[in-house]
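J.: Provided below are the primary sequence and the corresponding predicted coordinates.
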Protein chains: 2
Amino acid sequence: MAKVLLIEDDASLGGTLAERLERDGLTVAWARTLRDARAHLEAGPWDLAIVDVMLPDGSGFGLAREMRGTSATPIMFMTALNSAENRLEGFEIGAEEYLPKPFHLREFMLRVRHVLGRQRPQGAIHAGGCEINLGALSVDRPGHPRVFLQARDCQVLKLLIDSAPRAVPRSEILDRVWGENRFPTPRAIDNAIVRLRQALGDDEGHVIRSIRGIGYQWAAEAR
Amino acid sequence: MAKVLLIEDDASLGGTLAERLERDGLTVAWARTLRDARAHLEAGPWDLAIVDVMLPDGSGFGLAREMRGTSATPIMFMTALNSAENRLEGFEIGAEEYLPKPFHLREFMLRVRHVLGRQRPQGAIHAGGCEINLGALSVDRPGHPRVFLQARDCQVLKLLIDSAPRAVPRSEILDRVWGENRFPTPRAIDNAIVRLRQALGDDEGHVIRSIRGIGYQWAAEAR
DNA sequence: AACGCCTGTGACACTTCCGTGACACTTCCC
DNA sequence: GGGAAGTGTCACGGAAGTGTCACAGGCGTT
């Protein structure tokens, strides 16, 4: 049973959407303000956050940025702001979907289903004796205390896992995690990899494989 | 690498997009009409079709409906038609993405990679009892442990496979793998071939055939 | 204002690739 | 059959790419 957090200030629209989601068997919480939303986010892991961008006490974009620091919950924006710039901003933050208002209820549900449907089996990824929980940014390993990943590192990890078994070039990692207008040192990537390997207990590069001259590869399943 | 079919009648936009896609290492075919697109669709399997909706000889929606009958290729629409009704129609047909014009190139690429990234089966090549995965730079052979190719060798292999059944002259290999401004010893190529043959278990040069005085040829399918 | 945490930088050690050169071998042509 | 040109094979070593660490800047929090 998937859990959805709906963040929408308009009473009429919010009610309609919540009802429709529930009718499809989803568990829905409905927040009307950023404040409210933050409280819900603290409370539990969510399978999807549906975020209206213009809220009475601030912007949904800001909220989404905060979320990216603490979890990998998929985000779907829903807004009347539909310029190329607005959309790009949304996707840069890491949104899964960007739904322009107005929309038909049917399109709404299709997209929700779409996001939920392509999620990896919520729960955890198992690799080399680790249990990785991307939603909570945590890694559990028998005999070790729980480790929390950092936001940036987690984005790298997610990219590698999503791309597996393909090797991901360093340039693509830079582009997709850092953005194309930033030019950090090559060490920035290495550092993220080091931290990930530490967290995963991957001393020998068997889980995250280095490919000299190319980039990195998620190689856990191959073992 | 992934194969993308771009269907767009505008010469300027189409050129820009095709170029950008290729820069990311994708194989691109560009069709300007429905007619043209159908021909390409018949020709081969595609990992993604990017479809402009308004084309000189008809609607992209119609084409997409035809495609849905015959293949599961993901479709991404790209159009100035951005009403709720239009979008709904697009998703009802089964589109993966619906990108409104105008858009930023960066948004375009983010969405393309989004779709490609979540596709599981990366086509592997089977040759002489081997399974070659160019994306993962790996070769599997029954009865043997998995072998990993090196970056440069893999480029050579890719070139040979892409060019098959044509024989590729040594000079062309040099140009396209090493670059025009580098002049390594002829041995550099031989070495790459040796390593490849070892990886493929091709002791007798039946998979990668030497053509004296010319170059090399991917001859696996001919067997 | 001081503190803490995340994240990128720079320096350095280290590993690995892969190009070189020497030599044996094959193929082609006279 | 003999020579020459082209190719197969191998060990070696320079250099490019990567691992690792300490530290500093930035940002939000206390």
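T.: Thanks, I have it.
J.: how far out from the middle of the chain is the helix or strand harbouring residue A:29?
T.: Using DSSP states H and E, residue A:29 falls within strand A:27-31. Remark: strand A:27-31 is offset 19 Å from the chain centroid, using Cα atoms, centre = their mean, to the nearest Å.
J.: which other helices and strands contact that strand?
T.: Where contact means 3 or more Cβ pairs under 8 Å, 6 or more residues apart in numbering or on different chains; DSSP states H and E, strand A:27-31 is packed against strand A:3-7, helix A:11-23, helix A:34-43. C-beta here means a position set from N, CA and C on the backbone, and glycine is covered the same way.
J.: let's verify the most centrally placed residue in chain A: helix, strand, or coil?
T.: Most central in chain A under Cα atoms, centre = their mean is residue A:72, positioned 3.2 Å from the mean C-alpha point. Following DSSP: H, G, I helix; E, B strand; the rest coil, residue A:72 is assigned to coil.
J.: number of nearby residues for the closest residue to it other than its chain neighbours?
T.: Nearest non-adjacent residue to residue A:72, counting by Cβ to Cβ, 6 or more residues apart in numbering or on different chains: residue A:134, 4.3 Å away. Residues lying near residue A:134 (other Cβ atoms under 10 Å in any protein chain shown) number 21.
J.: ditto for residue A:118
T.: Residue A:118: 12 neighbours (other Cβ under 10 Å).
J.: check residue A:94 too.
T.: 19.
J.: low-confidence regions, chain A specifically.
T.: A:119-123, A:221-223 (pLDDT under 70).
J.: distance of the residue nearest to residue A:16 when sequence neighbours are not counted from residue A:19?
T.: Nearest non-adjacent residue to residue A:16, counting by Cβ to Cβ, 6+ apart: residue A:105, 7.1 Å away. Distance, residue A:105 to residue A:19, by Cβ to Cβ, to the nearest Å: 10 Å.
J.: contacting residues for the residue nearest to residue A:72?
T.: A:72, A:120, A:125, A:154, A:157-158, A:161 (Cβ atoms under 8 Å, 6 or more residues apart in numbering or on different chains).
J.: of all those, which comes closest to residue B:146?
T.: residue A:161 (19.3 Å; Cβ to Cβ).
J.: surely that closest one is within a helix?
T.: Yes: per three-state DSSP, residue A:161 lies within a helix segment.
J.: so it touches residue A:124, yeah?
T.: No: if you go by Cβ atoms under 8 Å, residue A:161 and residue A:124 don't touch, sitting 11.8 Å apart.
J.: residues contacting residue A:192?
T.: A:152-153, A:156.
J.: ignore the last one, residue A:7
T.: A:30-32, A:34, A:36-37, A:49-52, A:55, A:60, A:63.
J.: for residue A:139, same thing?
T.: Taking Cβ under 8 Å, 6+ apart as the test, what residue A:139 contacts is A:130-133, A:146-149, A:199-200.
J.: swap in residue A:99?
T.: A:76-79, A:107-108, A:111.
J.: for those, which one is nearest DNA strand D?
T.: residue A:77 (20.4 Å; Cβ to the nearest atom of the strand).
J.: can you confirm that closest one is in a strand?
T.: Yes: checked against three-state DSSP, residue A:77 lies within a strand.
J.: wait, isn't residue A:4 in contact with residue A:26?
T.: Yes: between residue A:4 and residue A:26 there is a contact at 5.1 Å, judged by Cβ under 8 Å.
J.: so these two - more neighbours on which side?
T.: Between residue A:4 and residue A:26, counted using other Cβ under 10 Å, the more crowded position is residue A:4 (23 against 20).
J.: ok, residue A:63 - how many residues close by?
T.: Residue A:63, neighbours per other Cβ under 10 Å, totals 24.
J.: following the longest helix along chain A, which helix or strand comes up?
T.: Across chain A, the longest stretch assigned as helix under DSSP state H is helix A:186-200. Using DSSP H and E, the helix or strand that follows helix A:186-200 in sequence is strand A:208-211.
J.: does that next one reach chain B?
T.: Yes: Strand A:208-211 lies within reach of chain B by Cβ under 8 Å from any Cβ of the partner chain, at residue A:211.
J.: which residues touch that strand?
T.: Against strand A:208-211 from outside (Cβ under 8 Å, 6+ apart): A:160, A:167, A:193, A:196-197, A:200, A:202, A:216-219, B:137, B:148, B:151.
J.: pull up the pairing partners for it, direction included.
T.: strand A:215-218 (antiparallel) (DSSP bridges).
J.: keeping just the C-alphas, turn the partner strand into PDB.
T.: Taking C-alpha atoms only, strand A:215-218 is exported to PDB below (Å, rounded to 0.1, in the frame of the first residue of the first chain):
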ATOM      1  CA  GLY A 215      33.700   6.200 -14.700                       C
ATOM      2  CA  TYR A 216      32.000   3.900 -12.300                       C
ATOM      3  CA  GLN A 217      29.600   1.000 -12.300                       C
ATOM      4  CA  TRP A 218      27.100  -0.600  -9.900                       C
END
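J.: so how far is that strand off the chain centroid?
T.: Counting by Cα atoms, centre = their mean, strand A:215-218 comes out at 20 Å from the chain centroid.
J.: show only the entries of the contacts of residue A:134 found in helices.
T.: Per DSSP H, the contacts of residue A:134 map to helices at A:154, A:157-158, A:161.
J.: for the residues you listed, which one is nearest DNA strand C?
T.: residue A:154 (8.0 Å).
J.: excluding its backbone neighbours, what's nearest the closest one?
T.: That would be residue A:137: by Cβ to Cβ, 6+ apart, it lies 5.1 Å from residue A:154.
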